[in-house]
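Peer 1: based on what follows, work out the 3D shape:
(one chain, ligands or ions: 1)
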Amino acid sequence: MYLYHGYYGSVSFDWTYIALIIAMFVSMIISVRVKTTFNKYAKKASRSGLTAEQAVQRMLNANGVYGVGIQRIGGSLTDNYNPKTNVISLSESVYGKNSVSAIGVACHEAGHALQYAEEYGPAKLRLAIVPVTNFGSRLSMPLLLIGLFLGFMELVWAGILLFSLSTFFQLVTLPVEFDASKRALAAMEGSGILMDDEAKDAKRVLSSAAMTYVAALATSVLMLLRYISIAKRRD
Ligand SMILES: [Zn+2]
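Peer 2: Residues are numbered from 1 along each chain as shown. All right, here's what the predicted structure looks like:
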């Protein structure tokens, strides 16, 4: 019976370990795919001729949202919306560009601006839990390691609990990201920013980017399960 338990324990340990490696590998493939999909449609100029920031402006105006800043930032795929400053930052391959990819990504960020303007629940929740998530992710690993080292299981479980905050954050991120893309697609098709076939290509760009967040959640869940499995073996 004892041997059987030991065997079972090592099997569950291996399961989370292997699944985690697979998830990390899949995440790498996804991030490569995001770049290749973006680059593919970055070569396709929109027929409306609008640049990414003009498209953002049209989308925001069409939704009655004014006063959102738009700026250019360095890097690639670093585009973001900061709800604290109400500024959309567009990367070098997006700002000033009129490609289907650039417009798609820019309108996605405008989708985030609309979420805050309309007080979309999941976006507000995500913003509200940023401080606790940061606190949790900074403390979880030290607590877990010190707990395992000293054999002090209460510390280990506290570390796992703190880590689960970041898993929860990744979970809340999903509806926020999917909703921003949904708003972007509705605006691009509805406001004449992109034609039907172009919008389909922009959707490919946004869908591949959304997979990044799905992979991040899967990886986080598997890491959580792995920590739990390690803690249970020690308990
Ligand atoms: Zn986003």
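Peer 1: which bits of the chain sit near the ion?
Peer 2: Glu177, Ala180 (C-beta under 5 Å from the ion). No exception for glycine: its C-beta is placed from N, CA and C like everyone else's.
Peer 1: show me the helices in the chain, by range?
Peer 2: Using DSSP state H, the helices found in the chain span residues 2-42, 52-62, 100-117, 121-128, 130-150, 153-190, 196-234.
Peer 1: and stretch 148-157, which residues are buried?
Peer 2: For stretch 148-157, a neighbour-count test (16 or more other C-beta atoms under 10 Å) marks Leu148, Leu155, Val156, Trp157 as buried.
Peer 1: for stretch 109-118, same thing?
Peer 2: Buried-residue list, stretch 109-118, by 16+ other C-beta under 10 Å: Glu109, Ala110, Gly111, His112, Ala113, Leu114, Gln115, Tyr116, Ala117.
Peer 1: also stretch 184-197?
Peer 2: Ala184, Leu185, Ala186, Ala187, Met188, Glu189, Ser191, Ile193, Leu194.
Peer 1: isn't the fourth one up against Ala62?
Peer 2: This points to Ala187. Yes. Assessed by C-beta atoms under 8 Å, Ala187 is found in contact with Ala62 at 6.2 Å.
Peer 1: show me what contacts Met223?
Peer 2: Neighbour list for Met223: Leu20, Phe163, Thr167 [criterion: C-beta atoms under 8 Å, 6 or more residues apart in numbering].
Peer 1: nearest residue to the last one in space, please, no chain neighbours.
Peer 2: The shortest distance from Thr167 to any non-neighbouring residue, by C-beta to C-beta, 6 or more residues apart in numbering, is to Ser220 (4.3 Å).
Peer 1: which residues touch the one you found?
Peer 2: Ser166, Thr167, Gln170.
Peer 1: so which of these is the closest to the ion?
Peer 2: Gln170 (13.1 Å; C-beta to the ion).
Peer 1: can you tell me how far Lys84 sits from the ion?
Peer 2: Remark: distance between Lys84 and the ion (C-beta to the ion, to the nearest Å) = 16 Å.
Peer 1: start at 16 instead
Peer 2: With the count now opening at 16, the last piece we talked about shows up as Lys99.
Peer 1: neighbours around Pro146, how many?
Peer 2: Neighbourhood size, Pro146 [other C-beta atoms under 10 Å]: 9.
Peer 1: least confident pick among the buried residues of stretch 163-172?
Peer 2: Ranked by pLDDT, the buried residues of stretch 163-172 bottom out at Leu163, which has 92.
Peer 1: that residue contacts Val171, correct?
Peer 2: Yes. Applying C-beta under 8 Å, one finds Leu163 in contact with Val171, separated by 5.8 Å.
Peer 1: is it correct that Ser152 is in contact with Leu180?
Peer 2: Yes. With contact defined as C-beta under 8 Å, Ser152 counts as touching Leu180 (7.3 Å).
Peer 1: between these two, which one's more packed in?
Peer 2: Taking other C-beta under 10 Å, Ser152 and Leu180 do not tie; Leu180 has more neighbours (17 against 14).
Peer 1: got the contact list for the spatially closest residue to His127 that is not a sequence neighbour?
Peer 2: Leaving aside its sequence neighbours, His127 sits nearest to Tyr96 (C-beta to C-beta, 6+ apart; 3.9 Å). By C-beta under 8 Å, 6+ apart, the contact set of Tyr96 is Val102, Ile103, Ser104, Glu124, Ala125, His127, Ala128, Tyr131.
Peer 1: do you know how far the closest residue to Asp211 other than its chain neighbours is from Ala173?
Peer 2: The shortest distance from Asp211 to any residue other than its chain neighbours is 6.9 Å, reached at Glu204 (C-beta to C-beta, 6+ apart). Remark: distance between Glu204 and Ala173 (C-beta to C-beta, to the nearest Å) = 49 Å.
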